[in-house]
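[1] I'll drop the sequence and a predicted model, then ask my questions.
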Amino acid sequence: MNMLHTFLPFLRWFPMSQQTIRADIVAGITVALILVPQSMAYAQLAGLPVVYGLYASFVPVIVATLWGSSNQLHTGPVAMLSLMSAAAILSFATPGTTDFIELSLMLALMVGILRFALGIFRLGAIVNLLSSPVIIGFTNAAALIIGFSQLSKIIGVPFPRSDSYLGDLWNVFTQLPEIHWWTLAFAAGAWLLIGGLRKVNSSIPGVLIAVAVATLLSAALGFEKKVSIPVAHIYDHNAVQVINQYEQVNEEIGRLTTAIANDKKQAKEFEKVDVLENVKKAQSLRAEAYVYKYQLERLKEQNNDRRIELNSITFSGVLEKDRIVALYPSDTVPANVVSDNKSWRFHHVEDGNVIFAAGGAVVGNIPKGLPSFEVPVIHWDLLLALLPSALVMALIGFMEATSISKAIATTTGDRVDTNKELIGQGLANITGSFFGSYTVSGSFSRSAVAARTGAKTGLFAIISALSVVAVLLFFTSYLYNLPQAVLAVIVMMAVFSLIRIDPLIHAWKIDRSGAVIGVITFFATLIMAPAIANGILLGISLTILHCLITTMKPRADVLSLKEDGTLGGVKAHRLKPVSPYFVPVRFDGSLTFVNVAYFEDMILEAHADFPEATTILVVGSGINGIDASGEEKIREVAKHLREAGVNLVFSSLKHQVMSVLKDSGLVKELGKYAFYANKESAFNALKTAHDNALKYECYEEVQ
């Protein structure tokens with residue numbers, strides 16, 4: 001039975017009572033009311049059509065809850081991984097394109113395989129590489145990046161995407177004079193409605209109500225206003241020229257993106273056969289891809305500028321029989337022309353015509369029906385390029401899921417198995433990638449709602465997924481008029497609640513080095529955005545480096561007696577030395593190859609500071625382990641001191657350390673009197689012996 005539960009962990013739900021089933025149905029429907037709007041918002045954040053958020057809320061949700069270890073954890077699209085997914089792929093494809101979608105699904109598969117492998121090999125402890133200050137610094141920065149990335153949708157202006165997030169955000173701020181006030185009104189209304197209902201009663205599904213109200217108002221007011229005009233009917237030569245350049249460059253961007261992928265693919269094929277001619281061809285192709293990439297970045301920057309320039313131009317429609325047949329710049333409409341007095345702005349080019357918009361952006365058409373089974377397209381040439389981001393996403397997502405599970409477990413009393421959770425999350429991403437899902441993880445907000453509404457088993461998550469199925473089958477057409485500004489507000493409100501300053505202030509009081517690393521991670525993540533994975537990788541690297549330095553130089557002090565009779569550091573507590581002839585020192589760290597040089601320096605420094613000393617006592621209660629290098633170094637230092645007439649003795653060594661020293665013969669070589677069971681007996685014996693020796697010397701001098 002235990003083996004069966006290992007492979008089919010959901011069997012722990014059974015038997016179910018009517019009360020349990022009823023509670024799970026209520027919790028599942030409640031969570032679904034949040035899941036549907038959230039999933040669409042997060043899909044846009046990931047650079048994908050909103051339907052992919054709904055796909056990610058179906059199969060992965062069911063798989064994760066069946067093979068996970070937490071009964072209340074809800075898996076699906078989350079803000080952090082949505083942004084990281086978009087950032088990882090942005091350099092290789094344009095958001096919303098087929099290539100971008102394929103890479104998003106491939107990235108989900110990679111993340112799933114990594115998590116599954118970590119779970120199978122029981123490597124859940126690897127998440128310990130993410131220290132608390134690093135996580136807080138990264139989360140705060142990512143929350144700001146995610147939140148402000150939605151600003152353009154709230155004010156109704158373009159958000160140019162480039163390799164510099166801060167530069168892109170500045171471009172948004174420069175467009176403040178072009179605010180679309182109706183879009184801002186919808187965003188502000190949604191914010192006030194969600195926030196107000198949350199204060200009245202947190203159990204009210206404010207997000208769903210805001211979505212429903214906004215969609216109805218949008219449809220009633222005709223919020224989305226678009227018109228298709230032939231280029232020849234746009235009476236602004238400069239604008240037409242910029243539009244044509246914009247489209248030509250867009251086509252060139254697509255061509256270069258394809259060329260870069262093909263060059264890298266061919267180069268990899270040539271490198272498989274390691275002959276000189278093939279190596280040269282591969283190098284030539286990679287050099288060509290590098291040049292193309294440089295050109296691609298420049299072209300994207302140019303088109304970003306063109307997009308902003310076009311958005312700053314407003315047009316008025318020429319009416320014939322209540323139909324717009326042409327556009328003039330708003331300030332140059334001829335007096336004899338009947339104008340609609342609306343402000344039309346460039347939107348995009350489609351089938352040779354130019355699409356202009358006078359209203360706000362809405363979700364639009366959402367494909368009806370369930371996702372079909374399809375093997376993810378593997379872009380082998382980008383596998384290594386995406387691997388670092390996939391690894392960071394695997395760790396971040398796992399950290400989110402386990403922290404949520406453990407937080408809920410403190411109230412439910414359930415036991416969370418981190419390795420099982422890794423397997424569940426891994427399988428969810430792997431299977432999800434075959435059904436149109438991008439990377440998913442555990443959601444704090446939805447899991448908290450599930451726990452608060454009384455979810456008893458993972459059945460609640462299956463109920464929520466089936467609710468999404470109902471939406472995909474019957475209700476997608478009703479979401480057409482949902483303003484994108486409302487989805488942006490949902491994202492903003494979700495991520496800004498993640499910002500926490502107090503933990504960094506608290507860390508500063510306890511561990512200043514860790515707090516500094518957390519602050520560095522915060523600023524690095526902001527500066528490196530949209531490639532935010534690099535920010536946390538830097539934080540992890542600094543944490544490991546700090547840990548290594550701490551291991552190489554553990555705490556080491558010369559000891560003396562404090563007023564209360566306990567031992568303390570001479571420098572730290574400004575104490576007088578015990579005796580010029582007897583020097584007790586403390587070494588708090590495992591004695592290994594990493595720090596043996598520091599151990600030697602510490603002993604020799606103590607000898608140099610107390611040249612008359614005849615005994616140096618190492619209080620070894622902090623030495624938890626020793627390797628061959630440590631044993632050899634003790635032997636060398638003891639020999640060196642012995643030649644100088646100084647004894648090296650130890651106290652309080654732990655069993656595992658003493659066992660090594662006995663087996664190596666060092667205890668026999670130094671003598672049993674060189675080892676004391678505890679520091680008190682060693683201190684008293686050595687101090688008494690040296691005090692008596694000092695009295696004897698004084699007596700000899702008097703005689």
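    Nice, thanks for sending it over.

[2] quick one: secondary structure of residue 345?
    Assigned state for residue 345: strand (three-state reduction, DSSP: H, G, I helix; E, B strand; the rest coil).

[3] number of residues surrounding it?
    Applying other Cβ atoms under 10 Å, we find 18 residues neighbouring residue 345. Backbone N, C-alpha and C define where each C-beta goes, glycine included.

[4] ok, it touching residue 309?
    No. Counting by Cβ atoms under 8 Å, residue 345 does not reach residue 309; the two are 11.3 Å apart.

[5] mind listing what residue 305 touches?
    With contact set as Cβ atoms under 8 Å, 6 or more residues apart in numbering, residue 305 has these partners: residue 160.

[6] so which helix or strand takes in it?
    Taking DSSP states H and E as the definition, residue 305 sits inside helix 276-311.

[7] state the mean pLDDT of that helix.
    Here helix 276-311 scores 87 as its mean pLDDT.

[8] ok, stretch 459-468 next?
    On average, stretch 459-468 scores 94.

[9] buried ones in it, by neighbour count?
    By neighbour count with 16 or more other Cβ atoms under 10 Å, stretch 459-468 contains the buried residues 459-465, 467-468.

[10] please apply the same query to stretch 645-661.
    Residues of stretch 645-661 classed as buried: 646-653, 657-658, 660-661 (neighbour count, 16+ other Cβ under 10 Å).

[11] determine the number of other residues adjacent to the closest residue to residue 55 other than its chain neighbours.
    Spatial nearest neighbour of residue 55, excluding adjacent residues (Cβ to Cβ, 6 or more residues apart in numbering): residue 436 at 3.9 Å. When neighbours are defined as other Cβ under 10 Å, residue 436 has 25 of them.

[12] for residue 436, which three-state class applies?
    Secondary structure, three-state DSSP: residue 436 is coil.

[13] how much space between it and residue 240?
    Between residue 436 and residue 240 the computed distance is 39 Å (Cβ to Cβ, to the nearest Å).

[14] closest to residue 423 out of the buried residues of stretch 459-468?
    Nearest to residue 423 among those is residue 461, at 16.1 Å by Cβ to Cβ.

[15] wouldn't the closest one be in contact with residue 25 here?
    No. Residue 461 is not in contact with residue 25 according to Cβ under 8 Å; the separation is 11.8 Å.

[16] quick one on the thing from earlier: the residue nearest to residue 55 against residue 52, yeah?
    Yes. Using Cβ under 8 Å, residue 436 is in contact with residue 52, at 6.1 Å.

[17] in the host helix or strand of residue 384, what counts as buried?
    Using DSSP H and E, residue 384 falls within helix 383-412. Residues of helix 383-412 classed as buried by neighbour count (16+ other Cβ under 10 Å): 386, 389-402, 404-405, 408-409.

[18] ok, now stretch 259-272?
    Judged by neighbour count using 16+ other Cβ under 10 Å, the buried positions of stretch 259-272 are 259-261, 263-264, 266-268, 270.

[19] could the residues you listed go into CSV alongside distance to residue 132 and secondary structure?
    Shown next, in CSV, are those (distance: Cβ to Cβ, whole Å; DSSP: H, G, I helix; E, B strand; the rest coil):
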residue, distance to residue 132, secondary structure
259, 45, helix
260, 39, helix
261, 40, helix
263, 43, helix
264, 39, helix
266, 46, helix
267, 42, helix
268, 40, helix
270, 47, helix
